[in-house]
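Novice: Generate coordinates for the sequence data below:
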Amino acid sequence: KAKSAVSKQAKSIQNAQEALSFELNTDYQETLDTDLKRIIVSANKKTSQPDGYMMTSLMDMFQNKVNDYCSHDVVSVIG
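Specialist: Model (predicted):
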């Protein structure tokens, strides 16, 4: 759900769909397991609403991945 929500928000952003792809965005391959573990552990320890916390955290994670991917893409085109 979180990835889908971010995908809808990012429809007008060039390369955003590539950024959300686990296959194309290598940052997922490097950090996804640690990011998910951190979110799950935090949700179970820090909040009385773990589902909401996890959804918000996952949306933030996907938004950050899109931003990082797209900004890297712009830098590589400029540089």
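
Novice: So which elements touch the helix or strand containing residue 54?
Specialist: Here residue 54, judged by DSSP states H and E, is contained in helix 50-78. Helices and strands touching helix 50-78, as assessed by 3 or more CB pairs under 8 Å, 6 or more residues apart in numbering; DSSP states H and E, comprise helix 2-9, helix 16-19, helix 26-46. From N, CA and C alone the C-beta is placed, and that goes for glycine too.

Novice: what's the offset of the first one from the middle of its chain?
Specialist: Just to be clear, that refers to helix 2-9. Here helix 2-9 is found 9 Å from its chain centre; the criterion is CA atoms, centre = their mean, to the nearest Å.

Novice: Which residues belonging to it are considered buried?
Specialist: Across helix 2-9, burial judged by 16 or more other CB atoms under 10 Å covers 2, 6.

Novice: okay, the angle between that helix and helix 50-78?
Specialist: 50 degrees (axes from the mean of the first three to the mean of the last three CA atoms, to 10 degrees).

Novice: Need the residues that contact helix 2-9.
Specialist: 16, 17, 20, 55, 58, 59, 61, 62, 63, 66 (CB atoms under 8 Å, 6 or more residues apart in numbering).

Novice: Need the residues you listed in JSON lines (columns: neighbour count and distance to residue 29).
Specialist: Below are the contacts of helix 2-9 laid out as JSON lines (neighbours: other CB atoms under 10 Å; distance: CB to CB, whole Å):
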{"residue": "16", "neighbour count": "20", "distance to residue 29": "18"}
{"residue": "17", "neighbour count": "13", "distance to residue 29": "17"}
{"residue": "20", "neighbour count": "20", "distance to residue 29": "14"}
{"residue": "55", "neighbour count": "16", "distance to residue 29": "23"}
{"residue": "58", "neighbour count": "19", "distance to residue 29": "17"}
{"residue": "59", "neighbour count": "17", "distance to residue 29": "20"}
{"residue": "61", "neighbour count": "20", "distance to residue 29": "14"}
{"residue": "62", "neighbour count": "21", "distance to residue 29": "15"}
{"residue": "63", "neighbour count": "18", "distance to residue 29": "19"}
{"residue": "66", "neighbour count": "22", "distance to residue 29": "16"}
